[in-house]
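Student: here is a sequence with its predicted model. Questions after.
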Amino acid sequence: MDLVSPVLRTDFREFCVSYLVLRQIHDIFTMAGVKQGIPKTDRPISRQRRTLVEEYYASINWTNEQDVDKFLRVIGYTIAQSYLTSVDKKYLQEICEREGFVVDGINIYRKPNQTKPFVMPVKPSDLTKLREDLLIVSKLDPQQRGFAFEKFLNALFVLFGLAPRNSFRLVGEQIDGSFQLNADTYLVEAKWQAKPTAQDDLLIFRGKVEAKSTWARGLFISHSGFADDGLTAFSRGKATNIVGMSGQDLYFILSGEISLVDAVNQKARRAAETGAFFVPIFDIIRS
C-alpha cells in the first residue's frame, strides 16, 4: 500500500508548477537524494515543470519507507526556501498534516503506526444484499429511485467504513454528501438519469469542491456513466480534483472484484498520474 496518497503527490506537484522554476525543482529533489526516472504514462505531460516533477516521482517507490522519507525531505527543503512566503509554507505544512504526517519546522516524518492502516472487513453476503438492493432501485420510478439510491449509497459507504457525514441532501435525483478515506475528505455528488452525465454537471461539481477547501476532493457517481465529449472537454488543461464512478463500476465493487476503498484510491492515483477524471474499474482491474 502506498505510504503517500496520490492527492498529496498531485498537490505538491502543482505547487511546484505554480511557485518554483526548473532549477529550484531540480535542487530540492537532488538535495533529498531523489533521482530522475521515466514516467509510466502514455499521455503527454504539459509544461516543463510538471514533466520534471513527474520524472522525479517516477523513481520513487511509494510503498518503500526510505523512498517516502526522501520525498518528505523534498517538501521539508521546499519549506526551508527563503523565496516562499509564510502563506506558501503554511500550505505545504497543512497538506502534510492532513495526511497524518508530523511537521516540525522543516522536518517531516511519518507516525509509527502510519504503515498499518485499518482495513474494514466486508462479508460477501453483505455485498450480495447491496447488489440486490441496487437492482431493486433500478426498477423504481424516478421519484422513488432518488430516495432509494440515497439509502443505498449510505449503506455502501458505511459497509466499507467510510463514515459518511450527514445525510445526503436530495435535489431531484442529485445527492450531496461526504465521506472520509484515509486522510482525505471526499465530497459526493450522484446522478441517476437516462443520459450520461455531461460536461456542465462536472464543471459545477468541480466548482463546489474547489470552493470548500484546498484539500477537499470529489467523487461524482453517475449511474449512466459520462458523455465522451464532456470527459474530453473536462480533462483538457486544468488538473482535476474530482474522480468519476459509473454504475458499471458499482457492480464490479458489489461483485467483490475490487473494494470501494481500493476503487477510489486507484481512480485517484490514475487521476494524479494521467489527469484523467474517469478511468473505468474494468480498465483498472484488467491492467
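Tutor: Happy to help now that I have it. Keep in mind that what you see is a predicted model, and the values were worked out from it rather than measured.
Student: tell me who's in contact with the closest residue to Gln93 other than its chain neighbours.
Tutor: Of all residues not flanking Gln93 in the chain, Val103 sits nearest, at 4.8 Å (Cβ to Cβ, 6 or more residues apart in numbering). Any C-beta I mention is one placed from the backbone N, CA and C, and that applies to glycine too. By Cβ atoms under 8 Å, 6 or more residues apart in numbering, the residues touching Val103 are Gln93, Cys96, Glu97.
Student: pLDDT wise, what is Val103 at?
Tutor: According to the predicted model, the pLDDT of Val103 comes to 90.
Student: and what about it, helix, strand or coil?
Tutor: Taking DSSP: H, G, I helix; E, B strand; the rest coil as the rule, one finds Val103 in the strand state.
Student: pick the one among the contacts of Val103 closest to Ala268.
Tutor: Cys96 (17.3 Å; Cβ to Cβ).
Student: can you tell me how far the closest one sits from Arg206?
Tutor: 24 Å (Cβ to Cβ, to the nearest Å).
Student: and those two? Which one has more around it.
Tutor: Using other Cβ atoms under 10 Å as the criterion, Cys96 and Arg206 rank with Cys96 on top: 23 against 18.
Student: the more buried one sits in which helix or strand?
Tutor: Using DSSP states H and E, Cys96 maps to helix 86-97.
Student: who touches that helix?
Tutor: Helix 86-97 is touched from outside by 8, 11-12, 15, 19, 72, 75, 78-79, 103, 108, 214-215, with contacts defined as Cβ under 8 Å, 6+ apart.
Student: for the nearest residue to Gly33 once chain neighbours are set aside, give me its contacts.
Tutor: Counting by Cβ to Cβ, 6+ apart, the nearest residue to Gly33 once its immediate chain neighbours are dropped is Lys70, at 5.3 Å. Neighbouring residues of Lys70 by Cβ under 8 Å, 6+ apart: Ala32, Gly33, Val34, Ile60.
Student: quick check, nearest of those residues to Val188?
Tutor: Closest approach to Val188 among those (Cβ to Cβ): Ile60, at 30.4 Å.
Student: I figured Ala216 hits Val188, correct?
Tutor: No. Between Ala216 and Val188 there is no contact under Cβ atoms under 8 Å: 11.2 Å.
Student: out of those two, which sits in the busier spot?
Tutor: Val188 (22 against 18).
Student: give the bridge partners for that one, please.
Tutor: Gly177, Leu219 (DSSP bridges).
Student: check what pLDDT it gets.
Tutor: In this model, Val188 carries a pLDDT of 90.
Student: and it, how far from Gln266?
Tutor: On the measure of Cβ to Cβ, Val188 and Gln266 end up 17 Å apart.
Student: same question, Gly161
Tutor: Where Gln266 is concerned, Gly161 sits at a distance of 17 Å (Cβ to Cβ).
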